[in-house]
Structure formats: C-alpha cells, structure tokens
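Trainee: Output the structure for:
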Amino acid sequence: MADIQHLIGGQSTAATAGRTQPVYNPATGEATSTLHLASVADVDAAVASAKAAFAEWRYVSIAKRTKLMYKFRNLLEANADEIATRLTAEHGKVHSDALGEVARGIENVEFACNIAEQLKGSFNEHASTGVDVYSVRQPLGVVAGITPFNFPAMVPLWMIPNAVATGNTFILKPSERDPSAPMFMAELFHEVGFPDGVLNVVQGDKVAVDRLLEHPDVKAASFVGSTPIAHYVYSTGTANGKRVQALGGAKNHMIVMPDADIDMSADAAVSAAYGSAGERCMAISVAVAVGDVADPLVDAIRARMEKLRIGPGDDPASEMGPLITREARDRVAGYVGKGQDAGATVVVDGRDAQFDNDGFFLGVSLLDHVTTDMDVYKDEIFGPVLCVVRVDTYDEGVKLIEDNQWGNGAAIFTRDGATARRFQDEADAGMVGINVPIPVPVGYHSFGGWKDSLFGDTTMYGPEGVRFYTRGKVLTSRWPEPSESQVDLGFPTN
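Mentor: As a prediction, the model looks like this:
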C-alpha cells in the first residue's frame, strides 16, 4: 500500500508521530493506502516553513502571483481526469461527479487570477489641505484550511487561490479519509513554480487541527464540515485570537408549488438528493410538497429512483457510488428505520438494495408523510435519504425553512413569478434557488449559509474570500513644501 506523508517546504516530509490509519476504497471496502498522521512537531514545522516563506512572498508582485496562478489553473485543467480518478478511488463518487467537482474548484482559481482587480484600494486626494487619504488591503500571514471528505478537491480550491494570491502562505489539513487528490493538487501547485513553503500540507486528525487553532503564528483558519465541529473550530480559533470562517451542516428544503412542472421538479429532487450519495452540504434533504402536488410528485420521484444505477464510481454506467465509510452507511440506514418507526411512510427503502461486494453501498430511500418532530427531519443525515413533508400553503413551507436550525440553501419550484419573487426575499437561507435545486454560487460570488450553517462573519471564496484573507489599512499623508535646496535642484515650488 502507498504511504501518504506531509508536504512541508516543498518536500515530502515523513511524519514523526508514529501514528497511522488506513485509507479505503469505499467501492470495495479495501484499504489502499496508509496515512501518516501529524504530531504537534510536524504542524510546527509546517507553520515555520509557511512563516519563513511569507516574509518574501508578501512582497512578490501581483503580476508574478497572477502569472503563477494562471499556470496553476492550466495544470489543474490538464490533470483534471487524474484528480477525479484519485477522488473517486477514495471518496467513491462517480467519475462524472468528480470531474464536475474539479471544474467548480478551477472556477475559484480563475477568480484569483483577477486578484489585481480585487486588491484595488481607494484614494482621496486633498481630503484636507495638502493631505491625501487612501486605503489598501494587506495579507494576514500564515493561514490554514481544514477541509472535509465530501469535496476533497473543490473545497481546498475555495481557500488556497484567494489566500495565496492576496499574499498569504497556506497550510492545508485535508480530510484523513481521502487525502490523495488534495495532495496531488499541492504537488501541481509546486510544479508551476510557487516558492517552497507558500503551500504546505499536513495529514492528520484532531491533534493537527488543535495545534493549527492554537499556534500563535497562524493568523486565520477556514473550515468546512459538520455544525458541531464548525462551532468547535470557530470557538477555539477565535479564543486564540484568530480570524475564523467555519461552514457547518445543513438541512436544505425544496418547496414544490402546485403549479410546478412535475417532471422538472422530480428530476431536480432525485439529482439533488442522491447525487454523490447525498454526501453534500447543499443536497436537498426535504421536499416540501404544497397542496395537491404531493401525490404526483412522490410518484414521479419514485419512478426515477427505480431507474437509478448504483455502483462503483469508476464504472461509467454508475449514477451514484458508495458512502464514504461502513459506519456512515450503517448510520444512514438506521435513519430509515427511525423514520419508519416514527410513522413516516417508506416509499422506497434503500436498505433493500443488494450489492455484490464489500463496498459501503446503500440504496436510495424516499420517506413520505414526514413530520418536523421526527429525527429523520431534525437531524442532518448526510446520505441518500429524501424526506417529503406535506403542507397546505406556501406560507407553511417558508415557515419550515425559517424554523429550521440550519440555513445553508433553499429552493422553490414554481411557474409563478410573483411566488418566486416572494421566496427569494423570504427564504431564511444564505443561498436560494428558483427552479434550481442546488444553488451553489459561481466562483465570482461567495458561498455560505445562515444560522447554524455558518460561524463567522464572512462566507467562502469570491469577494468575501478576498476580504477574509486580507485586512484593511488606511493611510493619511501630508508632504511639506519643498525646501530651498530642493528648489535649487529643480523641484517645483507649487
């Protein structure tokens, strides 16, 4: 099996902790690599490397940073299939989903290629007599990113391009479940010519996370993951004086109005609920059926589920792959049982699906007549389970979203412009879709939810990402009138 170590100062660096854990192929259940976990000393070495590199990198011209970022973008695109292959082998999502993930990540590199425009300051000449006032944004220093298993390629690219383009140096702590794709991208990063130490990668678990959040030379931390861990990262990091953005969990609702196109709505619900085995923070977890749309909507979703092909992610015929671990599969299957015991109608039971190998596969499930007091509604399941909640009116549907603890994304399907306009104003979520089930913003906007889906005051990537990785400085200057000696040298007096 392959050994996966750290990348510190541009070099593959052996871990010192002596702790390891296996990395699995979730489609087969077999261990494929050995991951070496970081010690506190390993994290300290990465921080020292990043700090030393920052002393020079912050003064590298915007023109040179931009040129390197363009090269990185091109190398990512040239190696997209390899990145996706590594991603599928350790996460399990189908290859087409993996390629889509890489493409969405590259969008953020392209945004960072425009960093000169994003870093423009402002200037007021003669704010007072002979006084000019202007503002600039400057990098923070060493910053860190702690990224999740479900998007091991895309989420690091939400963070690294903006952080580095604005003059910071970066330490990435990827998920220990699927580290090969982000490690490969870090190698490409160095291949294009970024100086050693600008990007470092430490493999690890809570030991590495805690040290990054405590280290005095780490100025900021970005995190994407579950709400409990997001809260922990935010509270620990800010208690240690760091700037922190921490994106948490979700329970995304999709309201389907009586006038909606049933086929469009059902297609959207199936792709948004079961794509990537439901392991997405923007997955649709709850379909809110308004009025008499419920029965035809459930029938249409069920008909599409029966045709869904589940299998290994490297099989071109597969439309959904396995879950990330055996424990995740069993936990998700348990929620189907909980929903049934609580009185929900199990329209399609994913536990009935049969698979030929020891991979972490689970069929897709559809639960109807779900109520808000059921665990299957209240908890973030993070798997291929879609709940249908029936309501009588639009207002009831909007109230469900308002009352939910999370506010990551929400969507509505309707043919009525007035209803859509009301929803985009009233939906209590940070990202809203109108006849779009997964409203993930493009790279030149920013990603982030409301309520327990976000801790911190800035969202991820785009303009907000630039703001997060920089701090403002306002300068006030006044120059004295030229002296006689300057006049003698030919300097103007007025």
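Trainee: and K64, how far is that from T476?
Mentor: For K64, the distance to T476 (CB to CB, to the nearest Å) stands at 30 Å. Every residue, glycine included, has its C-beta placed from N, CA and C.
Trainee: For P139, the count of nearby residues, please.
Mentor: Other residues near P139 number 22, with proximity taken as other CB atoms under 10 Å.
Trainee: One more: D395?
Mentor: D395 has 11 neighbouring residues, counting by other CB under 10 Å.
Trainee: Against I412, how distant is it?
Mentor: D395 is 13 Å from I412, where distance means CB to CB.
Trainee: and P296, that one's in a helix?
Mentor: Yes: under DSSP: H, G, I helix; E, B strand; the rest coil, P296 sits within a helix.
Trainee: where does it land on pLDDT?
Mentor: On pLDDT, P296 comes in at 98.
Trainee: my read: it touches D261, true?
Mentor: No: with contact defined as CB atoms under 8 Å, P296 does not reach D261; the gap is 11.1 Å.
Trainee: Can you pull up the most central residue in this structure?
Mentor: The residue lying closest to the centre of the chain (CA atoms, centre = their mean) is V155, at 4.1 Å.
Trainee: So what touches the helix or strand it falls within?
Mentor: Assigned by DSSP states H and E, V155 belongs to helix 154-165. Residues from elsewhere that reach helix 154-165 (CB atoms under 8 Å, 6 or more residues apart in numbering): 57, 65-66, 69, 72, 76, 101-102, 104-106, 108-109, 111-113, 115, 143, 145, 147-148, 170, 172, 174, 182, 185, 189, 194, 198-199, 222, 224, 447, 460-461, 465-466, 468-469.
Trainee: Tell me which entries of the residues you listed lie within helices.
Mentor: Taking DSSP state H, the ones among the contacts of helix 154-165 that sit in helices are 57, 65-66, 69, 72, 76, 101-102, 104-106, 108-109, 111-112, 115, 182, 185, 189, 465-466, 468.
Trainee: for the chain, which spans come out with low pLDDT?
Mentor: For the chain, the stretches with pLDDT under 70 are 484-494.
Trainee: what do you get if the cut-off is 80, keeping everything else the same?
Mentor: Along the chain, the model assigns pLDDT under 80 to residues 482-494.
Trainee: Which parts of it belong to which domain?
Mentor: By the assignment in automatic domain parsing, the chain contains the domains 2-248+453-476, 252-434.
Trainee: Now render the ones you listed as a markdown table, adding distance to V440.
Mentor: Formatted as a markdown table, the domains of the chain follow (distance: least, CB to CB, whole Å):
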| stretch | distance to V440 |
| --- | --- |
| domain 2-248+453-476 | 7 |
| domain 252-434 | 6 |
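Trainee: show me the contacts for V293.
Mentor: Applying CB under 8 Å, 6+ apart to V293 gives the contacts V256, M257, P258, A260, I262.
Trainee: Against S265, how distant is the second one?
Mentor: Between M257 and S265 the distance is 9 Å, computed by CB to CB.
Trainee: more neighbours, these two?
Mentor: Here M257 and S265 are compared on neighbour count by other CB under 10 Å; more neighbours surround S265, at 27 against 21.
Trainee: so which strand or helix has that one?
Mentor: Under the criterion of DSSP H and E, S265 resides in helix 262-274.
Trainee: again with E402
Mentor: Element membership of E402 [criterion: DSSP H and E] is helix 394-403.
Trainee: Touching the strand or helix carrying L366 from outside, list them.
Mentor: Take DSSP H and E as the rule and L366 turns out to sit in strand 365-368. Residues from elsewhere that reach strand 365-368 (CB under 8 Å, 6+ apart): 294, 298, 301-302, 305, 336, 339-340, 344-351, 376, 384-388, 390.
Trainee: Check stretch 221-233 too.
Mentor: Residues outside stretch 221-233 that contact it (CB under 8 Å, 6+ apart) are 143-148, 151, 155, 158-159, 163, 209, 212-213, 234, 237, 242-249, 281, 380, 405-406, 452-455, 460, 468.
Trainee: Of these, keep whichever come out buried.
Mentor: Neighbour-count burial (16 or more other CB atoms under 10 Å) is assigned, among the contacts of stretch 221-233, to 143-148, 151, 155, 158-159, 163, 209, 212-213, 234, 237, 242-249, 281, 380, 406, 452-455, 460, 468.
Trainee: Just those: which are in strands?
Mentor: Among the buried ones among the contacts of stretch 221-233, the members falling in strands (DSSP state E) are V143, A144, G145, I146, R243, V244, Q245, A246, L247, W406, L454, F455.
Trainee: And these, which is closest to A269?
Mentor: Minimum separation from A269 among those (CB to CB) is found for W406, which lies at 18.5 Å.
Trainee: The closest one: what's it in contact with?
Mentor: Applying CB under 8 Å, 6+ apart, the residues near W406 are T227, G248, G249, A250, K251, N252, E380, G449, K451, D452, S453.
Trainee: The fourth one: neighbouring residues, count only.
Mentor: Meaning A250. Residues near A250, counting by other CB under 10 Å, number 30.
Trainee: residues in contact with it?
Mentor: A250 sits next to C281, M282, A283, S285, E380, W406, N408, G409, G449, S453 when contact means CB under 8 Å, 6+ apart.
Trainee: for the fifth one, same thing?
Mentor: Shown here is K251, whose contacts under the criterion CB under 8 Å, 6+ apart are S285, V286, Y377, E380, N404, Q405, W406, N408.
Trainee: Distance to E481 for those residues - can I get that in TSV?
Mentor: Below are these laid out as TSV (distance: CB to CB, whole Å):
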residue	distance to E481
S285	69
V286	70
Y377	73
E380	66
N404	65
Q405	63
W406	62
N408	59
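Trainee: Can you name the two of the residues you listed that sit furthest apart?
Mentor: Using CB to CB, the contacts of K251 span at most 15.6 Å, a distance reached by Y377 and N408.
Trainee: before we move on, back to that, ok, of the contacts of strand 365-368, which come out buried?
Mentor: Among those, the ones that count as buried by 16+ other CB under 10 Å are 294, 298, 301, 305, 336, 339-340, 344, 346-350, 376, 384-388, 390.
Trainee: Assign L362 to helix, strand or coil.
Mentor: coil.
Trainee: That one and A53, how far apart?
Mentor: Distance from L362 to A53, counting by CB to CB: 44 Å.
Trainee: Likewise for Q21?
Mentor: As for Q21, its distance to A53 is 29 Å (criterion: CB to CB).
Trainee: One more: P156?
Mentor: 18 Å.
Trainee: for G321, same thing?
Mentor: Taking CB to CB, one finds G321 at 38 Å from A53.
Trainee: and those two? which has more neighbours close in?
Mentor: G321 (28 against 23).
Trainee: That one against T88, yeah?
Mentor: Yes: using CB under 8 Å, G321 is in contact with T88, at 7.3 Å.
Trainee: what touches both of those two?
Mentor: Here G321 and T88 share the contacting residues V94, G313, scored by CB under 8 Å, 6+ apart.
Trainee: So which residues of the stretch 1-150 of the chain form strands?
Mentor: In the stretch 1-150 of the chain, the strands defined using DSSP state E, counting those that start in this stretch lie at 2-4, 6-8, 11-13, 20-25, 30-36, 122-128, 131-139, 142-146.
Trainee: Quick check: which of those is buried the most?
Mentor: strand 142-146 (a mean of 27; mean count of other CB atoms under 10 Å).
Trainee: Pull the residues that contact it.
Mentor: Here strand 142-146 makes contact (CB under 8 Å, 6+ apart) with 47, 50-51, 54, 155-156, 159-160, 163, 168-173, 209, 212, 217-225, 233, 469.
Trainee: Dump it to CSV, restricted to CA.
Mentor: In CSV, the C-alpha atoms belonging to strand 142-146 read as follows (Å, rounded to 0.1, in the frame of the first residue of the first chain):
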residue,chain,number,x,y,z
VAL,A,142,0.2,32.2,7.7
VAL,A,143,-3.4,30.9,7.3
ALA,A,144,-4.8,27.4,7.5
GLY,A,145,-7.6,25.4,5.8
ILE,A,146,-9.3,22.4,7.3
